[in-house]
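# here is my input; please provide its structure:
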Amino acid sequence: LMDASVNYGTLYSSSSNFIILSQAQDTDIILQGNDGGSTINALTLDMSDAGAATFNSLVNANKLQVGGTDVITNARALSNITSIDATTVVKLNANGTVSVTAAAEFIGANTFAYNSSGQWSNYEGVYDATNNQVIVGFRDPDNNGRPSYIVGPISGDVITFNSPVQIESAVCYDVNVVLAHAGTVLIGFNWSGQNYKVTSYEITPGFLTYKSDDNTSDAPSTLAGICKLIWMPNRNAALAIYRSNTYLRAAVFTVNSSSYSISRVSQENLVSSNQQIYNVRTAFDSSQEVTNIIWYDGTNANAYYKAVHVRSNNTTYDVSSNTLWNASPNNAPSHDIEYHPTAQKSFIIYRKQSDYTIQLKTLTNSGTYGTTVALGSETQLQNNSLGYMQGPQAKYNAGLDAIVVAARYPQATPASSGYLFTVGWSSGSPVVTSQLKFYDGNVRENPLPIPADSTRNFIVHNDRPASDYNIATTLYDGRRVAKGYGVANASVSNGQTVE
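Now for the predicted structure:
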């Protein structure tokens, strides 16, 4: 095919194939037609882009493949997609449609990563990314309530724990675990009703090496759920929040960055009035370097919050007033608080007593020391289809950029099943996933999520009938474009999330 002596195309056969060749470099092949009297480009093959095909309108196909893998195997509509950007994922719904969501979705079956015949309680845990292992501190009822820890290296989604190690010979009531300096973990606990003690350990693969400890000079309460430990990286110190008798107090423990030695440098009354303080929960606002605290007050059956900032000398405290955030919430543990760095807000996640729905309120810190606090309005996260939520624990997963919430539901089927969901933040609003069951009934202790990375989360809980301790693994789809994750030639099932 020539025009003014210029060969612009050739039609020929080769090995019994009919070839259409565009001779000029980077010249497209365009298939045109007459649509209602107008000439249209039905198909354009871009030869400057390896033949990329652009169809002008609808494409009908019995099957769709990507990279040789079937994506759609029958006649289903790809619909509900209005826009896709770097923060969204595409979900193939059970009815065959495709939708876009900015929230993390759950994929795969839940597996038990570990179980034991021992009963563990009042536990906290962290994920050590450097050594790919979980560190759990707990009160050991099988050892007269003494504080202990256990280290579990991870292979894939399976944890193989070493033997538990006793920390102290006296009985304890709460055990707190936080990562401190690189290669260091702190374990705090209220022991013998005498002191709140913090112990430092150097982390190595599979075990911890004791380095130092120190304690407060007054007696914390022997109740559970009233002690918390927060690591303040810019202070090289940990902030302990605990109930002593009927008061809420704080103490700062500095940690040497090389020797890991601990020294208590100050203590402070936070709530000096006589209150029946229960269910103390904390969130550290890293942008303001302030700790938000919520608790239930048994004297008037209300829930309060306050903000605490520790200055660089580690001895001066800036403390806000007690402020009501929830009236008559019920004494049962039904709330938690966690900081979301992208939102730059602390999320209070709680059970609404009047209808058992799960609600969210935000705390935003501002002012010179971050102790000016604005309380957001109530936003419903989940309905009451599972009955009432009990013992929620919320932990931020940086890989998902979302807060993971785990809880038990006594009225679910089977009773006391464990569920979890995530709460993200997009365009000034929370983004929440549906609830996923991680354990089929009889969750005894408040389940604890330990976020590992964008695709794994470990949930610590007790099995009620046998008083066994279990860790379940829940897989997430964290493969967002913005995070740089991808899967090549992945097969897709209904309800899973794909990029």
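# correct me if wrong: residue 237 contacts residue 313.
No. In this structure, residue 237 is not within contact of residue 313 by C-beta atoms under 8 Å, at 10.5 Å. Backbone N, C-alpha and C define where each C-beta goes, glycine included.
# these two - which one has more neighbours?
For residue 237 and residue 313, the more surrounded residue by other C-beta atoms under 10 Å is residue 237, and the numbers stand at 22 against 10.
# helix, strand or coil for the closest residue to that one other than its chain neighbours?
Excluding the flanking residues, the one nearest residue 237 by C-beta to C-beta, 6 or more residues apart in numbering is residue 254, at 4.6 Å. Secondary structure, DSSP: H, G, I helix; E, B strand; the rest coil: residue 254 is strand.
# so residue 254 touches residue 262, yeah?
Yes. Contact criterion C-beta under 8 Å: residue 254 and residue 262 qualify, at 7.2 Å.
# so how far is residue 317 from residue 348?
22 Å (C-beta to C-beta, to the nearest Å).
# what about residue 207, how many residues nearby?
Counted with other C-beta under 10 Å, residue 207 comes out at 17.
# so it is in contact with residue 151, correct?
Yes. If you go by C-beta under 8 Å, residue 207 and residue 151 touch, sitting 5.6 Å apart.
# overlap of the contact sets of the two?
When contacts are counted by C-beta atoms under 8 Å, 6 or more residues apart in numbering, residue 207 and residue 151 are jointly contacted by residue 162.
# returning to what we had before: which of residue 348 and residue 317 has more residues huddled nearby?
Just comparing residue 348 and residue 317: by other C-beta under 10 Å the higher neighbour count belongs to residue 348, 26 against 19.
# where does pLDDT dip in the stretch 351-499 of the chain?
463-499 (pLDDT under 70).
# and the helices in it?
Read by DSSP state H, counting those that start in this stretch, the stretch 351-499 of the chain holds no helices at all.
# quick one, strands of it?
358-366, 372-375, 379-382, 390-397, 402-409, 417-426, 429-432, 436-439, 448-451, 456-463, 468-477, 497-498 (DSSP state E, counting those that start in this stretch).
# any buried residues in the third one, and which?
Burial within strand 379-382, assessed by neighbour count using 16 or more other C-beta atoms under 10 Å, is assigned to 381, 382.
# not counting it itself, show me its contacts.
349, 357-361, 389, 421, 423, 429-430, 432, 435.
# and it, C-alpha only, in CSV?
These are the backbone C-alpha positions of strand 379-382, laid out as CSV (Å, rounded to 0.1, in the frame of the first residue of the first chain):
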residue,chain,number,x,y,z
THR,A,379,-19.9,8.7,64.2
GLN,A,380,-21.4,5.2,63.9
LEU,A,381,-18.8,2.5,62.8
GLN,A,382,-20.9,-0.7,63.2
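# nearest spatial neighbour of residue 153, skipping sequence neighbours?
The nearest residue in space to residue 153 (C-beta to C-beta, 6+ apart) is residue 133, at 4.5 Å.
# name all residues that make contact with that neighbour.
Per C-beta under 8 Å, 6+ apart, neighbours of residue 133: 127, 151, 152, 153, 154, 159, 205, 206.
# buried ones among the residues you listed?
Neighbour-count burial (16+ other C-beta under 10 Å) is assigned, among these, to 127, 151, 152, 153, 154, 159.
# please convert these to CSV, extending it with distance to residue 176.
Output for these, formatted as CSV (distance: C-beta to C-beta, whole Å):
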residue, distance to residue 176
127, 16
151, 17
152, 18
153, 22
154, 22
159, 21
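# just put the residues you listed in TSV and tack on pLDDT.
Below are the buried ones among the contacts of residue 133 laid out as TSV (pLDDT from 0 to 100):
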residue	pLDDT
127	94
151	91
152	86
153	88
154	84
159	78
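# out of those, which sit inside strands?
Counting by DSSP state E, the buried ones among the contacts of residue 133 place 127, 151, 152, 153, 154, 159 in strands.
# now, which of those sits nearest residue 250?
Among those, residue 127 lies closest to residue 250 (C-beta to C-beta), at 26.4 Å.
# wouldn't that closest one be in contact with residue 151 here?
No. Assessed by C-beta under 8 Å, residue 127 is found out of contact with residue 151, at 11.6 Å.
# shared neighbours, these two?
133, 134, 135.
# got those residues as CSV, with distance to residue 462 and secondary structure columns?
Formatted as CSV, those follow (distance: C-beta to C-beta, whole Å; DSSP: H, G, I helix; E, B strand; the rest coil):
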residue, distance to residue 462, secondary structure
133, 21, strand
134, 16, strand
135, 18, strand
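# dump those to JSON lines, plus distance to residue 246 and pLDDT.
JSON lines is the format used below for those (distance: C-beta to C-beta, whole Å; pLDDT from 0 to 100):
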{"residue": "133", "distance to residue 246": "39", "pLDDT": "92"}
{"residue": "134", "distance to residue 246": "36", "pLDDT": "90"}
{"residue": "135", "distance to residue 246": "33", "pLDDT": "93"}
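# any chance of the residues you listed in JSON lines, with distance to residue 382 too?
As requested, these are exported to JSON lines (distance: C-beta to C-beta, whole Å):
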{"residue": "133", "distance to residue 382": "32"}
{"residue": "134", "distance to residue 382": "27"}
{"residue": "135", "distance to residue 382": "30"}
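# what is the nearest of the residues you listed to residue 343?
residue 134 (26.8 Å).
# that closest one against residue 125, yeah?
Yes. Assessed by C-beta under 8 Å, residue 134 is found in contact with residue 125 at 5.8 Å.
# what touches both of the two?
The contact lists of residue 134 and residue 125 share 450, 458, where a contact means C-beta under 8 Å, 6+ apart.
# can you report how many residues neighbour the residue lying closest to residue 149 once chain neighbours are set aside?
Nearest non-adjacent residue to residue 149, counting by C-beta to C-beta, 6+ apart: residue 137, 4.6 Å away. By other C-beta under 10 Å, 29 other residues sit near residue 137.
# give me the more crowded residue out of residue 254 and residue 262.
Shown here are residue 254 and residue 262; by other C-beta under 10 Å, residue 262 has more neighbours (22 against 18).
# so what's residue 179 up against?
Residue 179 is in contact with 126, 128, 185, 186, 231, counting by C-beta under 8 Å, 6+ apart.
# give me the pLDDT for residue 82.
Per-residue confidence (pLDDT) for residue 82: 47.
# so residue 143 touches residue 166, yeah?
Yes. With contact defined as C-beta under 8 Å, residue 143 reaches residue 166; the gap is 6.5 Å.
# element containing residue 251, please.
Taking DSSP states H and E as the definition, one finds residue 251 inside strand 247-255.
# now do residue 296
strand 290-297.
# returning to what we had before: what about residue 143 and residue 166, which has more around it?
Neighbour count, other C-beta under 10 Å: between residue 143 and residue 166, residue 143 has more, with 14 against 11.
# could you report the separation of the more buried one from residue 359?
For residue 143 relative to residue 359 (C-beta to C-beta), the value is 39 Å.
# count of neighbours near residue 165?
By other C-beta under 10 Å, the residues close to residue 165 number 15.
# wait, it sits on residue 143?
No. Residue 165 is beyond contact range of residue 143, at 10.9 Å (criterion: C-beta under 8 Å).
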